[in-house]
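Participant: Sequence and computational prediction follow.
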Number of protein chains: 2
Amino acid sequence: MNQKPTDANQADRAALVQARDEFVTQWGAIGNAWGINRTMAQIHALLITTPVPLTTDEIMEDLKISRGNAHGNLRDLVSWGLVRSVVRKGERKEYFEAEKDVWKMFCIISRERRRRELRPAMGVLQECAERTKNLKGPEAAAFNDQIRALSDFLKMADDVVSKISASQQSSIIPWAMKFLK
Amino acid sequence: MNQKPTDANQADRAALVQARDEFVTQWGAIGNAWGINRTMAQIHALLITTPVPLTTDEIMEDLKISRGNAHGNLRDLVSWGLVRSVVRKGERKEYFEAEKDVWKMFCIISRERRRRELRPAMGVLQECAERTKNLKGPEAAAFNDQIRALSDFLKMADDVVSKISASQQSSIIPWAMKFLK
DNA sequence: CTTAATTTTCAGAAAATACTGAAACTACAA
DNA sequence: TTGTAGTTTCAGTATTTTCTGAAAATTAAG
């Protein structure tokens, strides 16, 4: 007479698979809108919602993508630090698992984006400010001021994000919120 | 005998044009790395470092781009609220000028990105959490927890950015920094 | 209404990006 | 050494995004 619960469990398992699929698809679309490779976002979504590490082949099958595609995007995720490869003893296959802690994810992503995107931008501004700081005339002064304002802003943003990520406890943010009216 | 200063001024003007050009080019590349259309970033860079409003034709000439390209990207910038079109009385041509205040730029960009990128993502998570909240089994529970954690995080981020942008004085940030160690 | 200036649209071209699939490579075990 | 399971690379292809240029639409003025 345990037919009912079993049925329910199977129905639930099917519903879960479907929900995960939906999440993976939607997250891919969102990642895309955020300027992130769709497949990379999908693999990430899959890994953060799967209880066990997966192999390249499992990911290929689940997302219906080629080996090269899966491989490359997994490498990128690893290089971001969002995914680790794990090797089980006695097995030759490589498994992949994602960092699931949301706060840690935030720290990783902000550190990497600072390094890959903010820093280069700051460098460009620095260079432009340098090149124009001794030029005469009001236009040159205005240009220099504008560049400097941008530069200062990015520097501050970099600093803020850096400090937030560095503060180990995610609880700092909710706390700081009180001060922001 | 005012030859010297004039020469110097002309040299400076040339250097300024060159510096602005460099800035526009580099900013285009950076925007591109950030997932922003290169031309759009270039037009924006040009407008925030030019003392007077420019016409579509001037932008086309400066950046060596087609009318359609200039037009479309200007419309996009206007729809973001980063650029305004101004009409001079007696003239039929449309001029464009950018918001130059860095703090206001930040507010505009974060408001728009929240609206265009954060909200949709939050909607997807909401939906996924809803669909799985009543499913039985540890896997379903784990999935639901993970989605919920993501959802809560985005909600908080949305809130933080919203409050920061709302606080009119940019001075709040430097002040708040003190508390972040 | 007609003309001329200006803006908008859009089909097709070009460029950039992402993906596939198969071959080459690597590492381990027999 | 040879065979095998698995990983990596990459040339060619497909897809998506961006851009051009010219025609169509709009607007203001005569």
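Facilitator: Received the coordinates, thanks.
Participant: Just list what the lengthiest helix in chain A packs against, helices and strands only.
Facilitator: Of all the elements of type helix in chain A, the one with the most residues (DSSP state H) is helix A:3-33. Under the contact definition 3 or more Cβ pairs under 8 Å, 6 or more residues apart in numbering or on different chains; DSSP states H and E, helix A:3-33 sits against helix A:38-48, helix B:119-132, helix B:138-166. Yep, even glycine has a C-beta here, placed from its N, CA and C like the rest.
Participant: Centre of the chain to the second one, how far?
Facilitator: For helix B:119-132, the gap between its own C-alpha mean and the chain's C-alpha mean amounts to 27 Å (Cα atoms, centre = their mean, to the nearest Å).
Participant: picking up where we left off before, run the chain-centre distance for the longest helix of chain A.
Facilitator: 22 Å.
Participant: Over to stretch A:105-120?
Facilitator: For stretch A:105-120, the distance to the chain centre is 9 Å (Cα atoms, centre = their mean).
Participant: Run through chain A and note the low-pLDDT ranges.
Facilitator: For chain A, residues meeting the criterion pLDDT under 70 lie at A:1-5, A:7-8, A:168-174, A:176-181.
Participant: near DNA strand C, which residues of it show up?
Facilitator: A:Asn37, A:Arg38, A:Thr39, A:Lys64, A:Ile65, A:Ser66, A:Arg67, A:Gly68, A:Asn69, A:Gly72, A:Asn73, A:Arg92 (Cβ under 7 Å from any atom of the strand).
Participant: so what's A:Thr39 up against?
Facilitator: Taking Cβ atoms under 8 Å, 6 or more residues apart in numbering or on different chains, we find A:Thr39 in contact with A:Gly28, A:Leu63, A:Ile65, A:Asn69, A:Ala70, A:Asn73.
Participant: now, which of those sits nearest B:Ile147?
Facilitator: A:Gly28 (15.4 Å; Cβ to Cβ).
Participant: I figured that closest one hits A:Ala45, correct?
Facilitator: Yes. Counting by Cβ atoms under 8 Å, A:Gly28 touches A:Ala45, with 6.8 Å between them.
Participant: that's a strand at A:Arg84, yeah?
Facilitator: Yes. Remark: A:Arg84 belongs to a strand, assigned using DSSP: H, G, I helix; E, B strand; the rest coil.
Participant: ok, the residue lying closest to A:Leu154 once chain neighbours are set aside - contacts?
Facilitator: Distances taken as Cβ to Cβ, 6 or more residues apart in numbering or on different chains put A:Met122 closest to A:Leu154, at 5.2 Å, once the chain neighbours are dropped. Neighbour list for A:Met122: A:Ser151, A:Leu154, A:Lys155, A:Asp158 [criterion: Cβ under 8 Å, 6+ apart].
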